[in-house]
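Asker: Pasting the sequence and the predicted coordinates here, then a few questions.
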Amino acid sequence: MTPQQTVEAFIGHWNSGDIDAMLALCADGIVYHNIPMEPVHGTAAMRSMVEGFMADIAKCDWETHAIAANGSTVLTERTDGFTFKDGRHAAIRVMGAFELGADGLITAWRDYFDMAEFAREFAPA
């Protein structure tokens, strides 16, 4: 797959809820950084973070508005939508940067978003 196809598949796995397939596209030493939160290092820590985050989420609906690749770097402009298990919905606007290694796996993933929007969208019912 091209770097762009890898990122598109990665987002597709988020939308299908397939954490194993999503992590299979990541290098063991991935650095996942939701700016402005602290970064997560490695697929084991990423799995733990994702599973914790998804505990109250029934479905993801990430919409990619624009995607651009330059060599092994892929940039995305997205709206990441979530449906909670209690039926509530949340959506945040995100700019994402993905770096892929020579083996085609994602080695770094940074998402930039407005923390105030995140807090508002994910506030308890």
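Answerer: Cool, the structure landed.

Asker: packing partners for the longest strand anywhere in the chain?
Answerer: What stands out as the longest strand in the chain, according to DSSP state E, is strand 57-70. For strand 57-70, the packing partners by 3 or more CB pairs under 8 Å, 6 or more residues apart in numbering; DSSP states H and E come out as helix 3-16, strand 73-84. Glycine gets a C-beta too; all of them are placed from N, C-alpha and C.

Asker: OK, contacts around H13?
Answerer: Residues near H13 by CB atoms under 8 Å, 6 or more residues apart in numbering: I19, A21, M22, L25.

Asker: Which of those fall within helices?
Answerer: Among the contacts of H13, DSSP state H puts I19, A21, M22 in helices.

Asker: Not including adjacent chain positions, what is the nearest residue to the first one?
Answerer: So that's I19. Nearest non-adjacent residue to I19, counting by CB to CB, 6 or more residues apart in numbering: V50, 5.9 Å away.

Asker: Same question for the second one.
Answerer: For A21, the nearest residue in space outside its immediate sequence neighbours is H13; the separation is 4.4 Å by CB to CB, 6+ apart.

Asker: Could you measure from that neighbour over to R93?
Answerer: Going from H13 to R93 by CB to CB, to the nearest Å gives 21 Å.

Asker: Find the helix or strand that the residue nearest to I19 is a member of.
Answerer: helix 43-53 (DSSP states H and E).

Asker: Kindly confirm my reading that D111 is in a helix.
Answerer: No. Judged by DSSP: H, G, I helix; E, B strand; the rest coil, D111 forms no part of a helix; its state is strand.

Asker: what residues are up against it?
Answerer: By CB under 8 Å, 6+ apart, the neighbours of D111 are H33, N34, I35, V94, M95, G96, A97.

Asker: From the ones in helices among the contacts of H13, list the buried ones, please.
Answerer: By neighbour count, with 16 or more other CB atoms under 10 Å, the ones in helices among the contacts of H13 hold M22 as buried.

Asker: which among the ones in helices among the contacts of H13 gets closest to P3?
Answerer: Minimum distance to P3 across the ones in helices among the contacts of H13 is 15.8 Å, recorded for M22 (CB to CB).

Asker: Lovely, talk soon.
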